[in-house]
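Asker: build me a model from this:
(one chain, ligands or ions: 1)
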Amino acid sequence: MRPAPSQSGDLSNALTSVRSRLIVALDLPSGREALKMAERLRTHVGLFKIGSELFTAEGPALVRQLASGGQGIFLDLKFHDIPNTVRSAAREAARLGVAMFNVHASGGRKMMEAAVEGALEGAAVGKRPLVLAVTVLTSLDAGDLREIGLAGTPEDVVRRFATLAQTAGLDGVVASAREAEAIRAACGPGFVIVTPGIRPAESLVNDQARVATPAKAIHAGADYLVVGRPITAASTPESAADAIVAEMDEAFQAIPGDFTRTGENDRI
Ligand code: C5P
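Answerer: Predicted structure coming up:
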């Protein structure tokens, strides 16, 4: 699942592979600004994440526009509904040509299975988007979980939901660096872990409570990193992205083992 590191001898190919693992959160107030930022970063990052704010403001046209320009899109709408509705939403997400989208694991196994079926129905042959689970929102603490009737520590619930998502046929999860290690241990090397809350050592934490550097997240088991403001609010977003890719490359190189990209990730 890990990209081929630069020790393979071809530095530019290896960096292209590592770059494909960097997702920029386009949390910008308008489609115009999002498109401008995407144009600047197009050759510097792998994918763009479109969340509910931008999607609600601009609709699917923006997703289509970015995807048709060859950009990989992570549609971060966290579907959670009855299986039939999620199947239909997943089908439409796949028709938009996104590379990955997500659903709440708490929607249950049948809902997650329906999401994968919908993704297959809507996708071009052999091009199904990755379907990821949100386990426990990082904004919820142990007390919040008790209040909604979920037993165990947040770590227990995360592990339980990640395992259920894997059983339901999902490709991976969105998880903080703090959770990544336990998920990797529970779900194995083939399960995709996408990690937000990334802050390069020298950058502002903003409103993120638990952050990790790009290197730390990769060492914890992340396959993809989601980075927003440290790139989009930088004076030169291109250089900020390049610096993160360089740090990611170094971290991937330091991990022993099999770096061959196989399976689900190859669709992106
Ligand atoms: O600007 P920043 O790097 O904090 O953006 C992180 C992105 O990842 C935002 O779009 C945020 O909604 C998303 N995210 C997160 N923490 C989670 C899940 C998603 O920061 N647990």
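Asker: okay, and the beta partners of the spatially most central residue of the chain?
Answerer: For the chain, Val194 is the residue whose C-alpha lies nearest the centre (CA atoms, centre = their mean; 3.8 Å). Taking DSSP bridges, one obtains Val174, Tyr224 as the residues bridged to Val194.
Asker: is it true that it touches Val134?
Answerer: No - the pair Val194 / Val134 is not scored as a contact, 10.0 Å apart, by CB atoms under 8 Å. All C-beta atoms are positioned from the backbone trio N, CA, C, and that covers glycine.
Asker: now the common contact residues for these two.
Answerer: By CB atoms under 8 Å, 6 or more residues apart in numbering, Val194 and Val134 have these common neighbours: 173-174.
Asker: and the gap between Val98 and the ligand?
Answerer: Per CB to the nearest ligand atom, to the nearest Å, Val98 is found 15 Å from the ligand.
Asker: ok, that residue - contacts?
Answerer: Val98 sits in contact with 63, 67, 72-75, 129, where contact means CB under 8 Å, 6+ apart.
Asker: distance to Gly190 added to these, as JSON lines?
Answerer: Formatted as JSON lines, the contacts of Val98 follow (distance: CB to CB, whole Å):
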{"residue": "Val63", "distance to Gly190": "28"}
{"residue": "Ala67", "distance to Gly190": "26"}
{"residue": "Gly72", "distance to Gly190": "20"}
{"residue": "Ile73", "distance to Gly190": "23"}
{"residue": "Phe74", "distance to Gly190": "19"}
{"residue": "Leu75", "distance to Gly190": "22"}
{"residue": "Pro129", "distance to Gly190": "17"}
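Asker: now do the contacts for the residue nearest to the centre of the chain.
Answerer: Val194 touches 23, 74, 100, 132, 172-175, 222-226, counting by CB under 8 Å, 6+ apart.
Asker: give me the buried entries from those residues.
Answerer: Buried residues within the contacts of Val194, defined by neighbour count using 16 or more other CB atoms under 10 Å: 23, 74, 100, 132, 172-175, 222-226.
Asker: distance from the chain centre to stretch 115-126, please.
Answerer: 18 Å (CA atoms, centre = their mean, to the nearest Å).
Asker: pLDDT score for the residue nearest to the centre of the chain?
Answerer: For Val194, the pLDDT comes out at 98.
Asker: how far away is it from the ligand?
Answerer: Taking CB to the nearest ligand atom, one finds Val194 at 9 Å from the ligand.
Asker: for Leu130, same thing?
Answerer: Distance of Leu130 to the ligand, computed by CB to the nearest ligand atom: 16 Å.
Asker: quick revisit: the ligand next: which of the buried ones among the contacts of Val194 are close?
Answerer: 174, 226 (CB under 6 Å from any ligand atom).
Asker: I'd assumed Ser106 was in a helix, is it?
Answerer: Yes - counting by DSSP: H, G, I helix; E, B strand; the rest coil, Ser106 is located in a helix.
Asker: for the stretch 101-250 of the chain, which residues are neighbours of the ligand?
Answerer: 138, 174, 176, 196-197, 206, 208, 226-230.
Asker: how many residues are close by the single nearest residue of the chain relative to the ligand?
Answerer: Ranked by CB to the nearest ligand atom, the top residue of the chain for proximity to the ligand is Gly228, at 2.4 Å. As a burial measure, Gly228 scores 20 neighbours (other CB atoms under 10 Å).
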